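Undergrad: Here's a sequence, model it:
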Amino acid sequence: MKPYIKINEKDNVVVALKDLDAGIVLVIGNEEIELKESVKRGHKIALVEIQKEYDIIKYGYAIGYATCDIHKGTWVHTHNVKTNLDGVLDYTFEQDIHPLHIENKNLNFKGYKREYGKIGIRNELWIVPTVGCVNGIGELIIKRFKEEVNPKDIDGIEVFKHNYGCSQLGDDHKNTQTILGNMVNHPNAGGVLVLGLGCENNYMESFKENLASYNEKRVRFLVAQEVEDEIKIGVKLLKELYEHMKKDKREEISLSELKIGLKCGGSDGFSGITANPLLGAFSDFLIAQGGTTILTEVPEMFGAETILMNRCMDEEIFNKTVSLINDFKSYFMKYNQPVYENPSPGNKAGGITTLEDKSLGCTQKGGSAPVVDVLKYGEVLKNKGLNLLSAPGNDLVAATALAASGCHMVLFTTGRGTPFGSFVPTMKIATNSQLYKQKPHWIDYNAGVLIEDTSMDVVLKDFVDYVIKVASGNFVNNEKNDFREIAIFKTGVTL
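TA: Predicted coordinates for the structure are as follows:
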């Protein structure tokens, strides 16, 4: 294995694949380059003399400009590079779509067919609180239920605690109702108890109106202030739901029905080289089978957004993508916050220098398929293929938004590791083998082998097989650890 990788022939930097000491000579093509200083793995090394204010090229695109003369063989990072990005931009539609030449394998997974036509990959019993005040009641109901019933015939039982549902106004109130409503109707839930207090803004009748429709066989409602013993009644309602859903059985379902969310967090210098390209290859493969993927983290599209815009199916989708980007920039500016205050300290420690650097790696999760739709926060998937979703980069908020859009699972790439899980299976894919070996109780799959002389074709086939196993019932680590959380996007006033 080489000690470096040059990602694109246009690049004027390479990425170190391991810690390199000063004095080492790298053979790059027909040229020998001596390192003038030590460079950590995942970080960049100048291939040529780069003059002050000239662009740094990685992935074939500019990721920023040099703030001083950068000499060949030296470390390229935040101390000598700044972003080129600034403000809200105007865009021109320059469509650049290429067909996917991928065979339809007619693959299946084993899932659950719901009465209302949706497909689930889990058969779980959920309590969804309308307000954070009843989180503890939900926990007590489940505790008592488990004392009286051994729910071994289902995939899990969970109360999804949160801090919202009261003292909220405007979009915050609407977001809470919408995300919780989407959870109630999510096909991974075989049964749902909606649990309210009785005096909250998100009171039950209002919540039902926003919900519009639901499956009466699989959803029950309980308002704690309206009954004498909410624990006893809650247990009774869970038992009713359990008796119905335990009859559900897995059956063969086409892979075309699978809906997958694409997310990254704790990214490092390898994210755009290993794990994110793997997800991009998987996204293209799934779409070729007739399936659906969805990409979010809008602030981490800044600097790479034109790549996505030019892959839009038509000008209408392009205009929706422009609004997706510029509306999020305006949101930052509304609160007098810098649009490009990214990457995070952890990203920088891992080798990511600017937002362009991060975004060009991040958007690779979307592969090369055309963009078929753009969803607002809280909207659910309508079209098969690659979709974009409005949500921030925050891991919990974005993963919750992906799940609430209708995704069966979230594929989450990471170079530094994270243990959390959303309300659907949240598979962690390591960008490097060191993380995979260090955190086997967090990480589910190792994409680091892609820089260890294993081809993308081999890894992709193995990864597809693994995703099918997870869709068919194999638990990922967040499920094994019972790490299940939700977070709702909050933007406004709290009363």
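
Undergrad: Which residue ranges of the stretch 201-350 of the chain form strands?
TA: 219-223, 251-254, 259-264, 292-295 (DSSP state E, counting those that start in this stretch).

Undergrad: Alpha carbons of the second one, as PDB, please.
TA: Same thing as strand 251-254. Written as PDB, here are the backbone C-alpha positions of strand 251-254 (Å, rounded to 0.1, in the frame of the first residue of the first chain):
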ATOM      1  CA  GLU A 251     -41.700 -12.200   3.800                       C
ATOM      2  CA  GLU A 252     -39.700 -11.700   0.600                       C
ATOM      3  CA  ILE A 253     -39.800  -8.100  -0.600                       C
ATOM      4  CA  SER A 254     -38.000  -6.600  -3.600                       C
END
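
Undergrad: Contacts for it, please.
TA: For strand 251-254, contacts defined as C-beta atoms under 8 Å, 6 or more residues apart in numbering pick out N106, L107, N108, F109, K110, G111, Y112, K113, I119, Q289, G290. Using the backbone N, CA and C atoms, a C-beta is placed for each residue, glycine as well.

Undergrad: And the third one, by the same measure?
TA: Contacts of strand 259-264 with the rest of the structure, by C-beta under 8 Å, 6+ apart, involve 271, 275-276, 279, 282-283, 286, 291-297, 300, 362, 365-366, 381, 395, 398-399, 402-403, 405-414, 424, 467.

Undergrad: so of those, which ones are in helices?
TA: Cross-referencing the contacts of strand 259-264 against helices under DSSP state H gives 275-276, 279, 282-283, 286, 362, 395, 398-399, 402-403, 467.

Undergrad: Most widely separated two among those residues?
TA: Greatest spatial distance in the ones in helices among the contacts of strand 259-264: L286 and D395, 22.2 Å, computed using C-beta to C-beta.

Undergrad: Please say which of the two ends up with more neighbours.
TA: A direct count of neighbours by other C-beta atoms under 10 Å for L286 and D395 places L286 higher, at 26 against 22.

Undergrad: Tell me which of the contacts of strand 251-254 fall in strands.
TA: The strands, defined by DSSP state E, take in N108, F109, K110, G111, Y112, K113, I119 from the contacts of strand 251-254.

Undergrad: Sort out which one of these lies nearest K72 for me.
TA: Using C-beta to C-beta, the ones in strands among the contacts of strand 251-254 come closest to K72 at F109, 50.6 Å.

Undergrad: thinking again about what came up before, looking at the strands of the stretch 201-350 of the chain, which is nearest to I97?
TA: That would be strand 292-295 among the strands of the stretch 201-350 of the chain, by C-beta to C-beta, at 16.1 Å.

Undergrad: what sits against the closest residue in space to T74 that isn't next to it in sequence?
TA: Nearest residue to T74 in three dimensions, chain neighbours excluded: K36, at 4.8 Å (C-beta to C-beta, 6 or more residues apart in numbering). K36 makes contact with A22, H71, G73, T74, according to C-beta under 8 Å, 6+ apart.

Undergrad: Mind checking the pLDDT average for stretch 368-382?
TA: Averaged across stretch 368-382, pLDDT comes to 98.

Undergrad: Repeat that for stretch 65-73.
TA: Confidence over stretch 65-73 (mean pLDDT, whole number) is 97.

Undergrad: wait, G350 sits on G417?
TA: No: counting by C-beta atoms under 8 Å, G350 stays clear of G417, with 10.9 Å between them.

Undergrad: So for the two, which residues contact both of them?
TA: Shared contacts of G350 and G417, defined by C-beta under 8 Å, 6+ apart, are found at G266.

Undergrad: ok, now how distant is L222 from L125?
TA: Computed with C-beta to C-beta, to the nearest Å, the distance linking L222 and L125 is 14 Å.

Undergrad: Could you identify which of the ones in strands among the contacts of strand 251-254 has the most neighbours?
TA: G111 (24 neighbours).

Undergrad: Quick check: that residue touching G120?
TA: Yes: using C-beta under 8 Å, G111 is in contact with G120, at 6.0 Å.

Undergrad: Can you check which residues contact both of the two?
TA: Counting by C-beta under 8 Å, 6+ apart, the common neighbours of G111 and G120 are H408.

Undergrad: How many neighbouring residues does the closest residue to C362 other than its chain neighbours have?
TA: Among residues not flanking C362 along the chain, E300 sits closest, at 4.4 Å (C-beta to C-beta, 6+ apart). Residues contacting E300 under the criterion other C-beta under 10 Å number 25.

Undergrad: residue ranges of the helices in the stretch 1-150 of the chain, please?
TA: 135-148 (DSSP state H, counting those that start in this stretch).

Undergrad: which strand in the protein runs the most residues?
TA: The chain, longest strand under DSSP E: strand 189-196.

Undergrad: Mind listing residues that contact the biggest helix by length in the chain?
TA: Counting residues, the longest helix found in the chain (DSSP H) is helix 315-334. Residues outside helix 315-334 that contact it (C-beta under 8 Å, 6+ apart): 87-89, 91, 93, 95, 298-299, 301-302, 305, 308-309, 312, 338-339, 371-374, 388, 390, 392, 491.

Undergrad: go again using 6 Å as the cut-off
TA: Helix 315-334 is contacted by residues V88, Y91, F93, V298, E305, M309, C312, V339, V371, V374, S390 when judged by C-beta atoms under 6 Å, 6 or more residues apart in numbering.

Undergrad: do stretch 14-29 as well
TA: Applying C-beta under 6 Å, 6+ apart, the contact partners of stretch 14-29 are 3-6, 32-35, 37-41, 43-45, 47, 269, 451.

Undergrad: And for stretch 402-420?
TA: Residues outside stretch 402-420 that contact it (C-beta under 6 Å, 6+ apart) are 121, 179, 182, 259, 261-268, 270-271, 275-276, 279, 294, 296, 346, 350, 380-381, 389, 399, 422-429, 431, 435, 439, 442, 483, 485.
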